[in-house]
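S.K.: Sequence isn't available, so here's the structure alone:
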């Protein structure tokens, strides 16, 4: 059936949503879908340019490569769920269903309100206080850059290149002055500027002589400082940023806005006015060199804090320089020795613009995982590398002691005692709880406190440390089978990874996988029963506190208020962490014999009781037969919803349901087919690289076959902006709904059915609403969703803000009939997951 469709050129823009549309007259698909018994039909486009719309093609038009774009985890979730063994919950968790108490719910709401108020200042331009005096002053300026710059790309192998050049006539046609890779390498070595060369050194380590190659640290600093790629962004003096003109609340988002640079600049200015500090950032991580007889080495990297973090953190910016591979960290004093002289005296250093500064390279930050931190700080294993708390007292959190660092003056006094009292040196070091290292690399570096320089690492300290232990506690407390069953029954989402085989069997887990687990962790423990009738409130509060700490710590910008909220989240964890001890004690109290047979029998009994309960309710209701409605997309009340949308557009003053229902009867639809879309993509542009990438997407597609197996249909949930009244779900503005259909109509039809076709939306969506409350982001399907048209609505696509992931309320156990593809249909009550990405959090 042909549709009335003229050329359309429309751009939708809502935040990060950007889609261009340009369609020609098209023939509708013969696979037409019935909306309801009234006979409304709609289908798919047969020929259109989906790329021009910023969307994927409909499933019947997808190429093989397009089909691969759909999340493989979402494809296989249903299949994996069918192949898995029966869910076997931990036998220790028998007991009545526990509900979150009111204290937990109000506490979570209060914390979110505090975060929302503190983050409000992030939207405003900061009040900046520049450092007084001549800090970072230019001492001379000329047009030439006194520092060498670096550039270069990886290319094909030397063998491949040699074979190409040997082809007769290639070198002559290309006008090359070389005919072998050796000749090309000589040109590169002798004529092209680059970063400093590696220099060979013979170093005695213990009783072994080692051949070590490393670069001159000052030459590396000069190369970064003079790199033309960084010249527009370099920072030369510290600043103080505040949220208001009263200079009350501080803002911190880069090294030059922190307290260290300001304090060190003040100390340096006392004897060297006009100095420009170059903060030296050193990072290292032990690496196994499998190609060299499986030896271990420590690659040492260097960067400078004058380069903004948004550039410095990207590997593609090449803001880090490899200083060398060291067989031991004891050689770091060999590499960083020049910093002792030039950090104190300074040296002339030129940017790519030709401006010269008196630069003082000062060691500022050390980045490494815990073993490297222990070696660098010269402390014993299992001790904190920063704070003075004993390892036996680390489990007891004391805000005042834990936030302080070791006394650097006392440590230096202990190290210097080696020259005056060699015999008592070992005992003195033991009393100070440091290793007897005679000459650590930081001992003589100016303006350095190594215990302030060691920074926590997101990967090693948070994901591979805290989150790793937290997940292991949850699995141990509630059993492998139940946790894995819940993992593979979560609904799909653009930002969520579905672990179709669970998480308990994963080995060598990466930081990315730990991040993906953290996104779904709350959904695994919310509403889970605890043994012995324990309340789950403390469990939820402790896990939520750790996740809050994880996400808040990764804010790109902090204020004094958000730092206090970060501290409060850590306090909340320690206040509620005893719940894990109680759970482990309950597990120890069981007989630990024949766990799997016991759990399977328990599960079968629970399932039989549940099914019998459903049967009794069905009998009491008069044994009604399910109503069969022919609608593949599940848009049962599409006709009524679209008629209501047209009525409200024609008469926006309709306020009462009775008036709206009466107006619907007067709506005549001059069409039976609609153009249907299967994806919405939210595009973002990187402010530094200009690269456009997909930040979020919403899938609305039917079941289809990819050539290997059937892929379940997918209808995502989304956060939708409300125009008339702005509902709020604990800091998340909008209302949650499930998108069933995304469709558009031609301009010709718009002119017929709408009062103001110019301002009428081009693309619309059919939504099933969820009701909501403010307690732990809990939402549920509206009652009688299959019988009441008012639970569904047509909305403009631009009202969709982003996708939303939901945690099902599993109850005592994850029902075996639930899967990732049908859990949104089977479950009626959910929790909103605001951990899917940092922006939503």
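M.R.: Arrived safely, thanks for sending. On a predicted model such as this, the values are computed, not experimentally measured, just so you know.

S.K.: residues in contact with the closest residue to residue 253 other than its chain neighbours?
M.R.: By the measure of C-beta to C-beta, 6 or more residues apart in numbering, the closest residue to residue 253 outside its immediate chain neighbours is residue 557, 4.1 Å from it. Just so you know, the C-beta spots here come from the backbone N, C-alpha and C atoms, and that holds for glycine as well. By C-beta atoms under 8 Å, 6 or more residues apart in numbering, residue 557 lies in contact with 122, 251, 252, 253.

S.K.: rerun that using 10 Å as the cut-off
M.R.: Shown here is residue 557, whose contacts under the criterion C-beta atoms under 10 Å, 6 or more residues apart in numbering are 119, 121, 122, 126, 241, 251, 252, 253, 254, 257.

S.K.: And residue 366, by the same measure?
M.R.: Taking C-beta under 10 Å, 6+ apart as the contact definition, residue 366 lies against 280-284, 332, 372-373, 376-377, 385, 441-442, 450, 453-455.

S.K.: What of residue 386?
M.R.: 373, 377, 379, 402-406, 450-456.

S.K.: let's see it at 7 Å
M.R.: The contact partners of residue 386, by C-beta atoms under 7 Å, 6 or more residues apart in numbering, come to 405, 406, 451, 454.

S.K.: Scan the helices and strands of the chain for the one with the lowest mean pLDDT.
M.R.: Least confident helix or strand of the chain, by mean pLDDT, DSSP states H and E, is strand 41-44 with a mean of 30.

S.K.: just how off-centre is stretch 552-565 within its chain?
M.R.: Its chain's C-alpha centre and that of stretch 552-565 lie 16 Å apart, by C-alpha atoms, centre = their mean, to the nearest Å.

S.K.: What residues sit buried inside that stretch?
M.R.: In terms of neighbour count (16 or more other C-beta atoms under 10 Å), stretch 552-565 has its buried residues at 552, 553, 555, 558, 559, 561, 562, 563, 565.

S.K.: any idea how far residue 559 is from residue 508?
M.R.: With the distance defined as C-beta to C-beta, to the nearest Å, residue 508 ends up 38 Å from residue 559.

S.K.: Excluding chain neighbours, give the residue nearest to residue 229 in space.
M.R.: residue 317 (7.1 Å).

S.K.: burial count for the one you found?
M.R.: A count of neighbours around residue 317, defined by other C-beta atoms under 10 Å, yields 18.

S.K.: again, but for residue 452
M.R.: Other residues within reach of residue 452 by the criterion other C-beta under 10 Å amount to 14.

S.K.: surely it meets residue 405?
M.R.: Yes. Counting by C-beta atoms under 7 Å, residue 452 does reach residue 405; the two are 5.6 Å apart.

S.K.: number of nearby residues for the residue lying closest to residue 187 once chain neighbours are set aside?
M.R.: With C-beta to C-beta, 6+ apart as the measure, residue 178 is the residue that lies nearest to residue 187, at 6.4 Å, once sequence neighbours are left out. If you count neighbours by other C-beta under 10 Å, residue 178 ends up with 13.

S.K.: And for residue 169?
M.R.: Neighbour count for residue 169, taken as other C-beta under 10 Å: 7.

S.K.: do residue 325 as well
M.R.: Here the number of neighbours of residue 325 (other C-beta under 10 Å) works out to 18.

S.K.: Does it lie in a helix or a strand, and which?
M.R.: Mapping residue 325 onto the secondary structure by DSSP states H and E places it in strand 321-326.

S.K.: List the contacts of that strand.
M.R.: With C-beta under 7 Å, 6+ apart, strand 321-326 has contacts from 195, 198, 212-215, 217, 220, 223-224, 297-302, 332, 335.

S.K.: Are any of the residues you listed buried, and if so which?
M.R.: Burial of the contacts of strand 321-326 was assessed by neighbour count (16+ other C-beta under 10 Å); the buried members are 195, 212, 214-215, 217, 220, 223-224, 297-298, 300-302, 332, 335.

S.K.: now, which of those sits nearest residue 704?
M.R.: Nearest to residue 704 out of these is residue 301 (C-beta to C-beta; 47.1 Å).

S.K.: how far is the helix or strand hosting the closest one from where the chain is centred?
M.R.: Per DSSP H and E, residue 301 falls inside strand 295-304. In this view, strand 295-304 has its centroid 26 Å away from the chain centroid, taken as C-alpha atoms, centre = their mean.

S.K.: Next: stretch 377-387.
M.R.: The offset between the C-alpha centroid of stretch 377-387 and the centroid of the whole chain comes to 30 Å, using C-alpha atoms, centre = their mean.

S.K.: can you give me the mean pLDDT across that stretch?
M.R.: The average of the pLDDT scores along stretch 377-387 is 88.

S.K.: Pull up the distance across stretch 317-327, start to finish.
M.R.: Terminal residues of stretch 317-327 lie 28 Å apart, using C-alpha to C-alpha, to the nearest Å.

S.K.: got it, and stretch 422-438?
M.R.: For stretch 422-438, the separation between the terminal residues is 10 Å (C-alpha to C-alpha).

S.K.: Offset the numbering so it begins at 17, please.
M.R.: Renumbered: residue one is now 17, and that last one reads stretch 438-454.
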